[in-house]
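Undergrad: Sequence isn't available, so here's the structure alone:
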């Protein structure tokens with residue numbers, strides 16, 4: 001290919017190229033030098049790969065042969081002989097003034113993006129040359145964490161489904177845990193995923209540490225100091241009582257010294273019973289003569305009983321002590337050990353009480369990290385956090401501190417223990433900067449907010465920073481990939497995802513009302529029955545027809561499913577759970 005320009009300035013990782021008249025003429029797109037194009041600079045011992053970041057006809061050098069100039073970022077170089085070429089990042093031999101510049105050809109692009117081993121996944125094609133496949137190095141992407149960033153509606157969820165399905169295909173034994181905030185990934189992974197929600201999750205309350213159980217009891221509000229002091233005193237004793245009860249052969253309960261917690265701390269993950277907890281609080285209340293002091297104890301007992309009897313918290317309190325110490329079974333079920341053909345867990349969070357979601361996420365993150373820590377990382381796991389800015393906000397006054405701490409701990413230390421982090425967010429500027437800085441591979445889709453773009457500019461290297469000017473104008477499914485997992489900062493297009501792997505929000509409804517939906521008093525009554533049932537009737541969880549809509553007949557109107565596990569019928573409001581009487 002003939003050169004279309006020459007180097008006229010070199011400055012660090014940047015250079016300026018003078019463009020000849022015939023190199024910028026209108027013509028086929030592959031011969032035009034425009035912003036975002038890769039070019040090659042022919043040096044004596046290598047071919048330097050650069051990207052055009054600006055084209056201008058202002059301040060041209062005093063020569064009639066140039067019609068424009070282009071600013072380029074130097075990204076790497078291709079070394080070796082023509083039959084054995086190899087690409088490496090960085091530049092060891094800088095270009096000289098007058099070196100020839102050409103548009104990079106397909107063969108050189110394939111050399112850059114050629115998979116270096118079997119641990120590569122195909123995620124799409126280059127925007128510059130759709131015939132060149134864009135590969136990602138799984139080991140580099142996972143072990144140094146990754147993030148998918150993009151506004152709503154740009155294909156972010158579809159991109160996440162693509163990445164996780166390709167990872168599972170390449171590493172079928174890798175365990176994956178996905179926090180699904182909007183219940184949209186339940187069908188994306190087929191038989192390879194276990195889908196958990198409030199109806200089939202068992203997460204005993206005694207697995208929560210002190211901060212987490214306080215957050216549950218006080219519904220996300222700050223705890224009352226006097227009540228917290230009482231809890232801090234009785235919880236270790238309740239743990240000791242339960243352990244002694246389990247270990248004794250005699251009938252009845254042998255009392256332990258109330259001043260001793262049996263060596264347990266507030267955060268030791270061992271079982272205890274709420275009956276014992278309330279009994280200990282009541283016992284201390286009975287020894288008080290001051291009525292105002294007794295009120296504090298009475299309020300704490302009422303608070304514990306209210307939460308225990310709330311059907312929305314059944315996943316924490318129902319049968320929490322059946323089977324004794326079930327921590328091994330809970331962790332085995334949650335984190336797929338053994339996987340039994342389902343190495344992935346999709347935790348659907350939309351059905352949990354809003355007051356307890358932060359605590360649940362904190363427990364899951366903390367247990368994932370601690371299991372990796374105490375197992376010396378022998379069973380690696382990818383922990384994917386959807387809408388990560390909710391749980392690790394940059395504003396310390398927003399959200400639940402222990403959740404931020406748990407996610408941050410995985411980001412900072414997880415790779416040492418085989419716990420990898422994947423973050424998905426539409427507002428990276430609202431995410432804790434320390435956490436996102438630990439993600440060394442970024443997949444950035446369209447972002448319109450200036451604060452989000454500013455954060456990205458501070459997170460990527462200088463050589464890739466100019467690429468971020470493309471972020472506001474990226475098309476759907478287009479992505480800029482930076483970091484360790486890709487050969488170069490790259491503009492690419494995610495490949496098509498099969499229909500059965502497309503995320504679908506289970507609460508999505510059409511804006512066009514259906515003529516047959518029956519919006520009358522019977523419909524309103526059915527919805528209210530379902531509404532009240534969610535907070536007053538625990539039997540639904542054991543109802544074998546709960547997840548399956550009853551066959552529809554013209555004469556019956558059935559209540560809509562609380563959380564359908566299958567795709568919604570377009571006439572979702574005509575699917576009602578049971579006939580109204």
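TA: Structure received. Bear in mind the structure is a predicted one, so any value in this text is a computation, not a measurement.

Undergrad: Return the set of buried residues in stretch 152-162.
TA: Across stretch 152-162, burial judged by 16 or more other CB atoms under 10 Å covers 154, 155, 156, 157, 158, 159, 160, 161, 162. Yep, even glycine has a C-beta here, placed from its N, CA and C like the rest.

Undergrad: any idea which helix or strand comes after the helix ranked longest in the chain?
TA: Looking across the chain with DSSP state H, the single longest helix is helix 225-247. Downstream of helix 225-247, the first helix or strand assigned by DSSP states H and E is helix 274-286.

Undergrad: Show me what that next one is packed up against.
TA: In terms of contacts (3 or more CB pairs under 8 Å, 6 or more residues apart in numbering; DSSP states H and E), helix 274-286 is packed against helix 225-247, helix 291-309.

Undergrad: on contacts alone, who are the packing partners of the last one?
TA: Contacting helix 291-309 under the criterion 3+ CB pairs under 8 Å, 6+ apart are the following elements: helix 210-217, helix 225-247, helix 274-286.

Undergrad: So what touches the very next helix or strand once past that helix?
TA: Next in sequence after helix 291-309, counting helices and strands by DSSP H and E, comes helix 314-317. Contacts with helix 314-317, where a contact means CB atoms under 8 Å, 6 or more residues apart in numbering, come from 198-199, 201-205, 208, 216, 274, 307-308, 352, 356, 538, 541.

Undergrad: least confident pick among these?
TA: Among the contacts of helix 314-317, residue 541 carries the lowest pLDDT, at 42.

Undergrad: ok, the spatially most central residue of the chain - contacts?
TA: Residue closest to the average C-alpha location in the chain (CA atoms, centre = their mean): residue 385, at 2.3 Å. By CB under 8 Å, 6+ apart, residue 385 lies in contact with 179, 361, 365, 391, 392, 407, 421, 422, 423, 424.

Undergrad: Now name the helix or strand holding the last one.
TA: Under DSSP H and E, the secondary-structure element containing residue 424 is strand 419-425.

Undergrad: to the chain's geometric centre, what's the distance from that strand?
TA: 5 Å (CA atoms, centre = their mean, to the nearest Å).

Undergrad: Now for residue 529, how many residues are close by?
TA: Using other CB atoms under 10 Å, residue 529 has 15 neighbouring residues.

Undergrad: distance of it from residue 197?
TA: Here the criterion is CB to CB, to the nearest Å. By it, residue 529 lies 21 Å from residue 197.

Undergrad: what's the answer for residue 436, then?
TA: Separation of residue 436 from residue 197 (CB to CB): 28 Å.

Undergrad: so where's the stretch 251-400 of the chain uncertain?
TA: 251-262, 289-290 (pLDDT under 70).

Undergrad: I'd like to know which elements the strand holding residue 424 is packed against.
TA: Counting by 3+ CB pairs under 8 Å, 6+ apart, strand 419-425 packs on strand 146-149, helix 156-170, helix 354-374, strand 381-386, helix 401-413.

Undergrad: related to what we said a few turns ago, would you mind listing the buried residues in the longest helix of the chain?
TA: 227-228, 230-231, 233-243, 245.

Undergrad: where's the dip in pLDDT among those residues?
TA: On pLDDT alone, residue 245 ranks lowest of these, at 74.

Undergrad: Okay, that one and residue 162: tell me how far apart.
TA: 51 Å.

Undergrad: How about residue 86?
TA: For residue 86, the distance to residue 162 equals 28 Å [CB to CB].

Undergrad: Residue 284 too?
TA: Look at residue 284 and residue 162: by CB to CB, they are 57 Å apart.

Undergrad: thinking in terms of the whole chain, how far from its middle is stretch 359-371?
TA: With CA atoms, centre = their mean as the basis, the mean position of stretch 359-371 lies at 14 Å from the chain mean.

Undergrad: Okay, and the beta partners of the spatially closest residue to residue 42 that is not a sequence neighbour?
TA: Leaving aside its sequence neighbours, residue 42 sits nearest to residue 100 (CB to CB, 6 or more residues apart in numbering; 4.6 Å). Note on residue 100: beta-bridge partners by DSSP bridges are residue 6.

Undergrad: Would you agree residue 100 is in contact with residue 39?
TA: No. Here residue 100 does not reach residue 39: they are 10.5 Å apart, not a contact under CB atoms under 8 Å.

Undergrad: quick one, which of these two is more surrounded?
TA: Taking other CB under 10 Å, residue 100 and residue 39 do not tie; residue 39 has more neighbours (21 against 16).

Undergrad: could you say which helix or strand contains the more buried one?
TA: If you go by DSSP H and E, residue 39 is part of strand 38-42.

Undergrad: So which elements touch that strand?
TA: Counting by 3+ CB pairs under 8 Å, 6+ apart, strand 38-42 packs on strand 14-20, strand 47-56, strand 66-81, strand 100-103.

Undergrad: which residues of the stretch 1-150 of the chain score low on pLDDT?
TA: Looking at the stretch 1-150 of the chain by pLDDT under 70, you get 1-2, 22-33, 61-64, 117-118.

Undergrad: ok, now with 80
TA: Along the stretch 1-150 of the chain, the parts satisfying pLDDT under 80 run over 1-3, 21-36, 59-65, 81-84, 114-118.

Undergrad: residues near residue 401, how many?
TA: Using other CB under 10 Å, the number of residues around residue 401 comes to 13.

Undergrad: Which pLDDT value goes with it?
TA: pLDDT, read off for residue 401, is 85.

Undergrad: Contact partners for it?
TA: By CB under 8 Å, 6+ apart, residue 401 lies in contact with residue 211.

Undergrad: Now do the phi/psi pair for residue 125.
TA: Backbone torsions of residue 125, given as degrees, to the nearest 10, read phi -130, psi 160.
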